[in-house]
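Asks: Take this sequence and fold it.
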Amino acid sequence: MTRAPRELRPDGEATRARILDAAGELFAAAGYAETTGKSIAKRAGVSLASINYHFGGRQGLYRAVLIEAHRRVIHLADLRRLAEIELPAADKLGVLIAQLVRHATKRRPGWHVQVLAREILAPSSHIQVLLRSEVPFKLAIVKRVLSDITAIPADDPALARCLVSVVAPCSLLLIGARGARGPLHDVRQMPPDVIAAHLHRFALAGLEAIGREHALRMAARDKSSRRNSARRREPTG
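Replies: Alright, predicted model coming up:
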């Protein structure tokens with residue numbers, strides 16, 4: 001007989017959260033390869049057995065840290081609420097960009113930002129857990145917003161390119177959170193609302209241009225289709 005999943009008691013949930021935060025801080029500072037299970041256990045004030053109990057080992061713990069980091073930057077429930085509120089799609093995009101910029105430009109970014117920055121710069125095999133469990137659902141919602149702005153169907157390759165163009169600058173700001181000097185560092189010193197407004201304006205201009213191009217292409221295709229259809233109906237003699 002299959003056993004029902006074991007529920008964590010309140011104290012177990014607190015221990016799990018403490019391990020997760022301790023691991024996140026250490027992974028952010030030194031990376032996955034350089035962070036041992038013993039160092040995490042010491043920082044969290046638990047035994048190695050406790051890490052194994054809650055996460056199945058260091059690999060499982062790192063994957064849980066990645067998922068938690070992604071959720072702290074943008075939670076699926078928050079995205080769903082944003083998609084459902086009565087706002088123009090362009091304004092919804094502005095809200096999303098502003099939230100991402102706030103996380104990426106904090107003077108003292110949390111461990112979640114630094115962990116994600118490490119994975120963006122040097123993706124590990126563990127990033128697959130995000131690509132399976134977090135990213136697809138969130139990107140599907142963002143694509144719907146972009147589709148509303150551009151009138152491009154969500155499954156059109158052009159919209160996938162738009163998605164990358166909108167998300168990439170925010171990802172670069174996350175990388176800048178690691179403190180490297182250069183243009184990213186300079187931009188991160190600016191007020192978050194100024195950065196967000198710029199990225200939003202830049203994204204909208206590109207999306208509207210691609211939307212117009214798509215509309216013209218569809219109109220030309222429809223015109224060609226009607227012309228070919230008329231030719232087929234012409235009598236032959």
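
Asks: Now that residue 21 has come up, it's in contact with residue 112, right?
Replies: No: in terms of Cβ atoms under 8 Å, residue 21 does not count as a neighbour of residue 112; the distance is 9.8 Å. Every residue, glycine included, has its C-beta placed from N, CA and C.

Asks: Just the mean pLDDT for the one helix or strand residue 171 maps to, thanks.
Replies: Assessed by DSSP states H and E, residue 171 sits inside helix 157-176. Average pLDDT, helix 157-176: 90.

Asks: Alpha carbons only: can I get that helix in PDB?
Replies: This file holds the C-alpha atoms of helix 157-176, laid out as PDB (Å, rounded to 0.1, in the frame of the first residue of the first chain):
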ATOM      1  CA  PRO A 157       8.100  32.500 -33.400                       C
ATOM      2  CA  ALA A 158       8.100  36.300 -33.700                       C
ATOM      3  CA  LEU A 159       6.600  36.500 -30.200                       C
ATOM      4  CA  ALA A 160       9.300  34.200 -28.800                       C
ATOM      5  CA  ARG A 161      11.900  36.700 -30.100                       C
ATOM      6  CA  CYS A 162       9.900  39.500 -28.500                       C
ATOM      7  CA  LEU A 163      10.000  37.700 -25.200                       C
ATOM      8  CA  VAL A 164      13.700  37.300 -25.300                       C
ATOM      9  CA  SER A 165      14.200  41.000 -26.100                       C
ATOM     10  CA  VAL A 166      12.000  42.100 -23.200                       C
ATOM     11  CA  VAL A 167      13.500  39.600 -20.600                       C
ATOM     12  CA  ALA A 168      17.200  39.900 -21.500                       C
ATOM     13  CA  PRO A 169      17.800  43.400 -20.200                       C
ATOM     14  CA  CYS A 170      16.300  42.500 -16.800                       C
ATOM     15  CA  SER A 171      18.500  39.400 -16.700                       C
ATOM     16  CA  LEU A 172      21.500  41.500 -17.400                       C
ATOM     17  CA  LEU A 173      20.600  43.700 -14.400                       C
ATOM     18  CA  LEU A 174      20.600  40.600 -12.200                       C
ATOM     19  CA  ILE A 175      24.100  39.800 -13.400                       C
ATOM     20  CA  GLY A 176      25.100  43.400 -12.500                       C
END
